[in-house]
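# dropping a prediction and its sequence here:
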Amino acid sequence: MYDDNCLFCKIIKGDIPSTKVYEDEYCYAFNDIDPQAPTHILVIPKEHIRSAAAVTPENSKYVSHIFEVIAELAEEKGMTEGFRVVSNCGESAGQSVFHLHFHVMSGRPFTWPAG
């Protein structure tokens, strides 16, 4: 199910260009256009899920699969020193595109909570 008004749904459909890193029947991964680390990949479900708050027993298969893909990408991309996975949930948490997505970042030291 796609949302015709959603930026990430448009990327999945190919209406908006992206630099694809990975794709299968459940998810799509691409390089972030405003990277916050040397490696910064977004991984999104092909099902339109608004945020982590909208994960249900019916759609959770997308999330579990995405984490399997993240592990594969981390190995493939040589993230041997570690990596960060972030999903903002809601506007006050910094979510700007309301389609569940995971930022996978590596290649620099990270601090907590900022940076």
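Looks like it arrived, so ask away.

# ok, and what's touching stretch 104-115?
29, 35-43, 70, 73-74, 77, 79, 81-86 (CB atoms under 8 Å, 6 or more residues apart in numbering). (Each C-beta comes from the backbone N, C-alpha and C, glycine too.)

# just the buried members of the residues you listed?
29, 37, 39-43, 70, 73-74, 79, 83-84 (16 or more other CB atoms under 10 Å).

# can you report how many residues lie near residue 88?
Counted with other CB atoms under 10 Å, residues neighbouring residue 88 total 16.

# related to what we said a few turns ago, tell me which of the contacts of stretch 104-115 fall in strands.
The members of the contacts of stretch 104-115 that map onto strands under DSSP state E are 29, 39-43, 84-86.

# strands along this structure, start to end?
Using DSSP E, strands in the chain cover 20-23, 27-31, 39-45, 84-86, 102-106.

# longest helix in the chain, please.
Under DSSP state H, the helix in the chain containing the largest number of residues is helix 60-76.

# circling back to that earlier point, ok, which pair from the ones in strands among the contacts of stretch 104-115 is furthest apart?
29 and 84 (15.3 Å; CB to CB).

# nothing else from me, thank you.
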